[in-house]
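A.B. asks: Provided below are the primary sequence and the corresponding predicted coordinates.
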Amino acid sequence: MKIFDKHLLVSDFDGTLIDSSQRISKANLDAIKYFTENGGLFCGATGRTPYNIGPYMEGLPLNCPWILFNGASLHDFRDNTVKKLVPVKRHPLKEIVEKLIAVFPSICVQLYTKDKFYLVNPNGREDKEIKIEKQVFYYGDMNNIDEPWIKIILHEENYVLKKAFELINNEDKNKNYRTFFSVDTYLEITHLNVSKGSMLDTLRKVLGERISKVIAIGDYLNDIEMIKNADIKAAPRNAHPEIKSIADFITVDNDHNAIADLINILHTI
């Protein structure tokens with residue numbers, strides 16, 4: 001019997017696993033290896049996609065599917081298969097986005113399919129993170145993107161996105177969609193039933209008797225459902241106050257090896 005047998009550790013990515021320089025520290029990487037070598041399963045849970053998280057995967061132990069697209073996909077990097085995918089309903093989302101672009105022409109509208117990432121408002125604000133991370137993207141017309149739509153991200157200043165949030169909720173008459181902030185300058189639209197927490201429930205079922213205890217850590221509001229669904233709840237010191245208020249444990253911040261600190265804490269409980 002190993003110390004972390006039947007333990008599943010689920011970690012948010014940006015603001016939690018990686019530091020402000022967009023790197024996974026050696027201390028965090030070594031701690032995750034130690035956790036998995038001693039029986040634990042490790043899962044990343046992120047709004048990122050298979051194609052923009054790939055550069056970070058080198059060296060990470062892969063013994064469990066990951067939660068991607070903020071809960072719209074359960075992806076197993078070991079054989080590059082999708083265990084579950086929850087796309088959004090195309091209509092009336094297309095009409096809602098067209099109205100958003102008309103009312104807020106500066107919004108950068110990013111549309112994600114399973115394999116590609118499109119910018120669908122050519123006049124939208126530049127998203128510098130795309131260039132920094134050297135993401136491959138395409139300019140597209142929503143009328144011509146036939147693959148299932150997984151999610152849409154709107155990028156602008158927070159005060160503009162708050163107004164966009166109100167517009168979306170007013171236009172989404174039948175409540176087809178979930179709209180939430182993943183950071184202050186990113187407003188995301190997914191299927192109504194999608195969250196990191198809902199996909200964690202799916203992962204529990206997939207893993208079955210392989211796990212008996214789930215530990216989750218995250219820093220922002222899109223992590224709330226996931227953390228609430230965990231047996232042990234954690235947040236890094238840099239987390240949003242609402243996240244810290246529901247956490248059982250507060251670790252050091254993401255610039256000081258939050259995941260390594262959490263695994264040290266697990267030794268004491």
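C.D. replies: Right, received. Where do you want to start?

A.B. asks: quick one, helices of the protein?
C.D. replies: Listed from the start of the chain, the chain has helices (DSSP state H) covering 26-37, 50-53, 90-103, 128-132, 158-171, 196-207, 224-228, 241-246, 258-266.

A.B. asks: and the pLDDT for Q110?
C.D. replies: As predicted, Q110 sits at a pLDDT of 97.

A.B. asks: check contacts around the closest residue in space to it that isn't next to it in sequence.
C.D. replies: With C-beta to C-beta, 6 or more residues apart in numbering as the measure, I153 is the residue that lies nearest to Q110, at 4.3 Å, once sequence neighbours are left out. In short, each C-beta sits where N, CA and C put it, glycine included. I153 makes contacts with 47, 109-110, 112, 182, 186-189, as judged by C-beta atoms under 8 Å, 6 or more residues apart in numbering.

A.B. asks: same deal with L266?
C.D. replies: Residues in contact with L266 (C-beta under 8 Å, 6+ apart) are 4, 7, 35, 215, 232.

A.B. asks: again, 10 Å this time
C.D. replies: 3-4, 7, 9, 31, 35, 40, 213, 215, 232, 234, 249 (C-beta atoms under 10 Å, 6 or more residues apart in numbering).

A.B. asks: with F181 instead?
C.D. replies: Counting by C-beta under 10 Å, 6+ apart, F181 has contacts 154, 158, 161-162, 165, 187-188, 220-222, 240.

A.B. asks: repeat for V97
C.D. replies: Taking C-beta under 10 Å, 6+ apart, we find V97 in contact with 107, 109, 111, 120-121, 142, 149, 152, 154, 168, 171, 189.

A.B. asks: so how far is N123 from it?
C.D. replies: Distance, V97 to N123, using C-beta to C-beta, to the nearest Å: 14 Å.

A.B. asks: now the common contact residues for the two.
C.D. replies: With C-beta under 10 Å, 6+ apart, V97 and N123 have common neighbours 107, 109.

A.B. asks: follow-up on the earlier one: pull out the buried members of the contacts of L266.
C.D. replies: Buried members of the contacts of L266, counted by 16 or more other C-beta atoms under 10 Å: 4, 7, 9, 31, 35, 40, 215, 232, 234, 249.

A.B. asks: now do L187, the pLDDT please.
C.D. replies: With respect to pLDDT, L187 scores 97.

A.B. asks: how about G124?
C.D. replies: Looking at G124, its pLDDT is 94.

A.B. asks: and what of the one 4 residues further on?
C.D. replies: Taken from the predicted model, the pLDDT recorded for K128 is 91.

A.B. asks: again, but for F104
C.D. replies: 98.

A.B. asks: that one and Y177, how far apart?
C.D. replies: Look at F104 and Y177: by C-beta to C-beta, they are 17 Å apart.

A.B. asks: same question for T49.
C.D. replies: For T49, the distance to Y177 (C-beta to C-beta) stands at 19 Å.

A.B. asks: swap in I145?
C.D. replies: 17 Å.

A.B. asks: what are the ranges of the strands in the stretch 101-250 of the chain?
C.D. replies: Secondary structure of the stretch 101-250 of the chain by DSSP state E, counting those that start in this stretch: the strands cover 108-113, 117-119, 138-139, 149-155, 177-183, 186-191, 213-217, 232-236, 249-251.

A.B. asks: circling back to that earlier point, among the contacts of F181, which ones are buried?
C.D. replies: Taking 16+ other C-beta under 10 Å as the criterion, what is buried in the contacts of F181 is 154, 161, 165, 187-188, 220-222, 240.

A.B. asks: picking up where we left off before, of all the helices of the chain, which lies closest to N70?
C.D. replies: Of all the helices of the chain, helix 196-207 sits nearest to N70, with 6.2 Å by C-beta to C-beta.
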